[in-house]
Every structure is written in C-alpha cells, then in structure tokens.
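**Q** predicted coordinates and the sequence they were generated for:
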Amino acid sequence: LFVYGSLRSGGSAHHLLNGADRDRDGVVEGFVRIDHQGYPMLRRGNGAVSGEVYWVPDHCWTALDAWEDVPEVYQRRSVTLRDGRMVWLYEAA
C-alpha cells in the first residue's frame, strides 16, 4: 500500500497499519495531492507524489477501506510506482 497522508508514519491513522511491514518509499506519477475536508487526497493529474510503501496483511484491509470511506470518497486502485513496483493506493472516487 502506497500512503501519502494520515496513514503515513506519525499520521493520525497510522495505527491502522499495525502489523504491516514498511518497504522502501516510492513515488507515484500521474497524480496530484489535494486537500479534501482537511485530509490529503490523490487525484489523477500531471504530477508526482512521494509516499511510504507497506506490505499490508489481509486482516488490515477492512479497517483501511472503512477509514478511507471506500467506495464513496476514495477508491482503492492498483498502480505502478516510478521504480516499477505495483502497489495499492487510495485516490479520489
């Protein structure tokens, strides 16, 4: 999972990643970071966003999707990072 806001280390929702292993950080291209009601959100655009990458155990996904209000506010999508790794990320619905 590529995280760029409240799920990052030190962020208000990072506890939802308890049990996840951190991988090396990465950059996703083709997105811009915007604010949505005080929270960061990715939207497709002409940009690049840096973030942290985690290996997330299956038991964490339900809480993560609930936190991100999937599918109403965010969508979980599979994308390719600049370095070629495939990751999930949450983007604007």
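**A** Received it, and whenever you're ready, just let me know what you need.
**Q** now stretch 20-31: mean pLDDT?
**A** Averaging pLDDT along stretch 20-31 gives 98.
**Q** same check, this time on stretch 70-83
**A** Rounded mean pLDDT across stretch 70-83 is 97.
**Q** buried residues in it?
**A** By neighbour count, with 16 or more other CB atoms under 10 Å as the criterion, the buried positions of stretch 70-83 are 74, 79, 81. All C-beta spots, glycine's among them, are computed from the backbone N, C-alpha and C.
**Q** could you point out the helix or strand that follows the strand or helix carrying the second one?
**A** Val79 belongs to strand 74-80 when elements are defined using DSSP states H and E. Past strand 74-80, further along toward the C-terminus, the next helix or strand under DSSP H and E is strand 86-92.
**Q** helices or strands next to that following strand in the packing?
**A** Contacts defined by 3 or more CB pairs under 8 Å, 6 or more residues apart in numbering; DSSP states H and E place strand 86-92 against strand 2-3, strand 26-36, strand 39-55, strand 74-80.
**Q** how about residues contacting that strand?
**A** Strand 86-92 is touched from outside by 1-4, 26, 28, 31, 34, 36, 41-44, 51, 53, 56, 68, 70, 73-81, with contacts defined as CB atoms under 8 Å, 6 or more residues apart in numbering.
**Q** any idea of the angle it forms with strand 26-36?
**A** 10 degrees (axes from the mean of the first three to the mean of the last three CA atoms, to 10 degrees).
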